[in-house]
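Chemist: From the sequence below, what's the structure:
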Amino acid sequence: MEKVKSVGKAQIGIYGLGNFASQLSWTMVSSYLILFYTDVFGLATGAVALLMLIAKIWDGINDPMMGAIMERTHTRWGRFRPYIAIGAPALVIFTILTFTVPGFGSTGKLIYAYVTYIGLGMSYTVVNVPYTAMPAVMTNDPKKINRLYAAQMIGMTVGMIVLNLFTLPLVKYFGNGVQSDGYQKTAAIFALVALPIFWLVAALCKENITVKKEQQVPLKTTVKAIAKNKNLMMVILYTIISMAGLFGRIGVAVYFYIYCVKDFRFITVFMMMQMIVGTIVMPFAPKFIERFGKKTTCIIAMLIQAIGMAMIFFGPYTNIPYLFVSHIVYGLGYIAGPCGSAMIIDSIDDYDIKHNIRSDGTAFAMNGLGTKVASAIGSALGIAIIGWFGYVAGQDPTPGVQNGINISANLIPMFFFLISIIPLIFYNLPESKMTDIREKIAARNAAGSVNQQE
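Modeler: Sure thing, here's the model as predicted:
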């Protein structure tokens, strides 16, 4: 099998830092933006639900567009890295603007929210779609690919922990009684910390596998290839359903801890508890995946996360020790973190060797679209359910409202996690085939290079 330049521990670590930086914007938005919009910005729950749905769906549409652009980009720095470097400053600006309360009337503020949130999503797409696809062009070693995605997931969980640990204390400190100032300054600090990290990733995570201009295929052919790639479509469907549960819960979890648990000593701890567990188990993910396979690992993880949600929903959630145990169970499901992206690469390689069509940029963009659609569905559904049960910002919740928050934060995610197992059942790409497939691809590409030299 043809080897490309080595990807060492330093590059794996730096690549993982990229997702740490992403969470300083993404987790800030997914964990606190809904609460910010209702309790600080002053939007009604219905308006927030519609905003989440429209903005995220539009954001998702951008992902395939970004993938197509990436696949047709050829620079001395590669196809993907330039966009990480260029998009990072825009992400900083829109993160700050999104958490800024303008001095407009109600209509003006709603328009402002749409413009800034959509701008934030588009900036995130420019950075994150190429970042997620990077392992596919950094190495053709499947073990290294698993380690890169494990590092990515560790970066994600550590970033989520750091953000959830510091956000509310920083909002209180910088706000000095004015929450709007606190959120704006906190968002600015996180965004500015993320900027040099993104640039470091763009500078040092080299693209060792190149695709020449003559190897690219028309966009129409690429889209058809993705639609016909059954295994890839099953992975994307799994992503949509499972991420709807994950992001739907993240968006409303803070309501659950504030208005249901009502123990303010542990709000920050519980907001990051499952991420702490995820960070602990993530280094074991590559070995776990190698033993059980990516598909089985995902199924086990979804069952574990569903059990964790059921424990919280049906159990005595005001019992703090019990809630700690429930979150530990939920966090164990993070063991499947690297699987989704690695299964996408497997599906791309399988289709490539069969049909000689490679669509890595668009495939990862489609998966990004799935994540954005999932976030739209989960976030909009979560806040809508809370609104249906009568939540009003600034008012003490009734038992009925608390029940609605519990359903939104725990029961609905449980169902999403269970349903996500269905597309995994139809995913049919044995691990044993992948070494042979990648050897054939390497031999084909090597033969092509020789022919071009002749």
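Chemist: Just give me the neighbour total for the residue lying closest to residue 243 once chain neighbours are set aside.
Modeler: Leaving aside its sequence neighbours, residue 243 sits nearest to residue 374 (CB to CB, 6 or more residues apart in numbering; 3.5 Å). Yep, even glycine has a C-beta here, placed from its N, CA and C like the rest. For residue 374, the count of nearby residues is 24 (other CB atoms under 10 Å).
Chemist: Tell me the confidence at residue 374?
Modeler: For residue 374, the pLDDT comes out at 83.
Chemist: That one is in contact with residue 240, isn't it?
Modeler: Yes: applying CB atoms under 8 Å, one finds residue 374 in contact with residue 240, separated by 4.7 Å.
Chemist: Distance of the residue nearest to residue 243 relative to residue 30?
Modeler: Between residue 374 and residue 30 the computed distance is 11 Å (CB to CB, to the nearest Å).
Chemist: same check, this time on residue 69
Modeler: Residue 69 is 25 Å from residue 30, by CB to CB.
Chemist: roughly how far out does stretch 438-445 sit from the chain middle?
Modeler: How far stretch 438-445 lies from its chain's middle: 31 Å, per CA atoms, centre = their mean, to the nearest Å.
Chemist: Equivalent analysis for stretch 32-41, please.
Modeler: On CA atoms, centre = their mean, the centre of stretch 32-41 falls 21 Å from that of its chain.
Chemist: Kindly check the end-to-end length of that stretch for me.
Modeler: End-to-end distance of stretch 32-41 (CA to CA, to the nearest Å): 12 Å.
Chemist: neighbouring contacts of it?
Modeler: 43-45, 48, 51-52, 98-99, 101, 109, 113, 117, 167, 179-180, 183, 251-252, 254-255, 379, 382-383, 393-394 (CB atoms under 8 Å, 6 or more residues apart in numbering).
Chemist: Residue 69 and residue 30: which is more packed in?
Modeler: residue 30 (22 against 18).
Chemist: is it true that that one touches residue 252?
Modeler: No: when contacts are counted by CB under 8 Å, residue 30 is not listed as touching residue 252 (10.4 Å).
Chemist: host element of the spatially most central residue of the chain?
Modeler: Central residue of the chain (CA atoms, centre = their mean): residue 371, 6.4 Å from the mean position. Using DSSP states H and E, residue 371 maps to helix 360-388.
Chemist: got it, and residue 310?
Modeler: Going by DSSP H and E, residue 310 is in helix 294-314.
Chemist: Please pull up the helix or strand immediately following that helix.
Modeler: That would be, after helix 294-314 and using DSSP H and E, helix 320-332.
Chemist: so where's the stretch 301-450 of the chain shaky on pLDDT?
Modeler: 360-361, 445-450 (pLDDT under 70).
Chemist: circling back to that earlier point, OK, contacts around the residue nearest to the centre of the chain?
Modeler: 60, 239, 240, 243, 247.
Chemist: Mind doing that once more with 10 Å?
Modeler: By CB atoms under 10 Å, 6 or more residues apart in numbering, the contact list for residue 371 reads 56, 59-60, 63, 128, 132, 236, 239-240, 242-244, 246-247, 340.
Chemist: Equivalent analysis for residue 429, please.
Modeler: Counted by CB under 10 Å, 6+ apart, residue 429 has contacts 230-232, 234-235, 293-295, 343, 346-347, 349-351, 437.
Chemist: And the closest residue to it other than its chain neighbours, how far from residue 389?
Modeler: In space, and not counting its chain neighbours, residue 429 is closest to residue 231: 4.8 Å by CB to CB, 6+ apart. Computed as CB to CB, the residue 231 to residue 389 distance reads 40 Å.
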